[in-house]
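**Q** here's my sequence, what's the structure:
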Amino acid sequence: PVSITINITDRNDNAPQFEQDTFLARVYIGAPAGYRILKAAASDRDEAGTLNADLRYQIISQQPELPSDNMFQINPHTGHLTLTTEGAATLDADVADHYQLAVQVKDMGDLSQGHYAQATILINVTQNTWVPLSPVSVRENHEGPYPLPLSKVRWNGERVRYQLESQPSAPHGLFTISERGSISLNQP
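**A** Numbers count the residues shown, from 1 in each chain. Predicted coordinates for the structure are as follows:
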């Protein structure tokens, strides 16, 4: 008997496909650079781990191109859409309250040939809902108990981190703010 080895090579006979033709997203004014807006997920039915299924993503166009044509970026390997440094600094709903991006996914990695697919990303720009604090009065020598809840700040954005920027000249740690935005007085 003679052994014969047959290797079957995957042909690049499948184009990549986005999971959706149109992706919907929103971004809050004040979001930081690198803020992840969404993942433009795509797949390829060619054999995983081969060049035929090695996908690359790119933004083809952004409308409107205001205040810059560089408001967003897409990770070429993962499809994660994020806000650029310029986008974070200039995002303004009065200038543009929505964006439409045309994005493309291509197989064959960084090679120039390959199959392509396109999708649309619609992004709404949302004003932050910052609820300003009302003045708070505490009776002098208040008996407690401490910490004494005073107020709560609220923001509708995601991934927020609250911190007190300044405190009155008094013992250190007179006021604290929690991860959820609750402000407390810690001592009389």
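**Q** all contacts plus neighbour counts: C-alpha atoms, from now on.
**A** Noted.
**Q** mean confidence score for stretch 15-25?
**A** Mean per-residue pLDDT for stretch 15-25: 98.
**Q** likewise stretch 49-60?
**A** Per-residue pLDDT values across stretch 49-60 average out to 97.
**Q** put the alpha carbons of the longest strand seen in the chain into PDB.
**A** Secondary structure assigned by DSSP state E gives strand 116-126 as the longest strand of the chain. What follows is strand 116-126, C-alpha atoms only, in PDB (Å, rounded to 0.1, in the frame of the first residue of the first chain):
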ATOM      1  CA  TYR A 116     -15.100  43.800   0.100                       C
ATOM      2  CA  ALA A 117     -18.300  44.600   1.900                       C
ATOM      3  CA  GLN A 118     -19.700  48.000   3.100                       C
ATOM      4  CA  ALA A 119     -22.000  49.100   5.800                       C
ATOM      5  CA  THR A 120     -23.300  52.400   7.200                       C
ATOM      6  CA  ILE A 121     -22.900  53.600  10.700                       C
ATOM      7  CA  LEU A 122     -25.400  56.300  11.900                       C
ATOM      8  CA  ILE A 123     -24.200  58.200  15.000                       C
ATOM      9  CA  ASN A 124     -26.400  60.500  17.000                       C
ATOM     10  CA  VAL A 125     -24.600  63.200  19.000                       C
ATOM     11  CA  THR A 126     -26.200  63.600  22.400                       C
END
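**Q** what packs against whatever helix or strand comes next after that strand?
**A** Using DSSP states H and E, the helix or strand that follows strand 116-126 in sequence is strand 148-152. Packing partners of strand 148-152 (3 or more CA pairs under 8 Å, 6 or more residues apart in numbering; DSSP states H and E): strand 182-185.
**Q** okay, buried residues for the strand it packs on please.
**A** Using 16 or more other CA atoms under 10 Å as the test for burial, strand 182-185 gives 183-185.
**Q** now do stretch 101-114
**A** 101-109, 114.
**Q** swap in stretch 120-135?
**A** For stretch 120-135, by 16+ other CA under 10 Å, it's 120-127.
**Q** now do it, average pLDDT.
**A** The average pLDDT within stretch 120-135 is 82.
**Q** centre of the chain to that stretch, how far?
**A** In terms of CA atoms, centre = their mean, to the nearest Å, the centre of stretch 120-135 is found 14 Å from the chain centre.
**Q** quick check: end-to-end length of it?
**A** 46 Å (CA to CA, to the nearest Å).
**Q** now do it: everything it contacts.
**A** For stretch 120-135, contacts defined as CA atoms under 8 Å, 6 or more residues apart in numbering pick out 21-30, 91-93, 96-103, 151-157.
**Q** buried only: go through those residues for me.
**A** Buried residues within the contacts of stretch 120-135, counting neighbours by 16+ other CA under 10 Å: 22-23, 27-30, 91-92, 97-103, 151-152, 154, 157.
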